[in-house]
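>>> coordinates for the following, if possible.
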Amino acid sequence: MNIMAIVLGVFCIGYGIFTAVMREKLPERFGKLEAMKKKFGDKRGKAIHIVAYTFVPILSGIVFAVCGFLGIGL
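Numbers count the residues shown, from 1 in each chain. Next up, the predicted model:
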């Protein structure tokens, strides 16, 4: 069991969930979201932001945590 990998995984999952919740409750606090919407349009900008700041951290966190439980180091 690799504790550091598990901790990093949990942190990444938490960050992804946090950004998802905050984006819905307080979207004006995300400057990068507004910049992406201006550059790519509302729909595409939001999609890019969701992938980059929600899906990627959550998926990375899952991989890190599973690796940590299996004893695989990062």
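
>>> report all helices and strands that the lengthiest helix in the chain contacts.
Assignment by DSSP state H gives helix 3-25 as the longest helix of the chain. Counting contacts by 3 or more Cβ pairs under 8 Å, 6 or more residues apart in numbering; DSSP states H and E, helix 3-25 is packed against helix 42-50, helix 56-70. C-beta: built from backbone N, CA, C; applies to glycine.

>>> what sits up against the first one?
Under the criterion Cβ atoms under 8 Å, 6 or more residues apart in numbering, residues 20, 23, 30, 32-33, 35-40 lie in contact with helix 42-50.

>>> distance from the chain centre to it, please.
For helix 42-50, the gap between its own C-alpha mean and the chain's C-alpha mean amounts to 14 Å (Cα atoms, centre = their mean, to the nearest Å).

>>> what mean pLDDT does stretch 67-74 have?
Averaged across stretch 67-74, pLDDT comes to 88.

>>> quick one: distance of it to the chain centre.
That offset, for stretch 67-74, works out to 20 Å (Cα atoms, centre = their mean).
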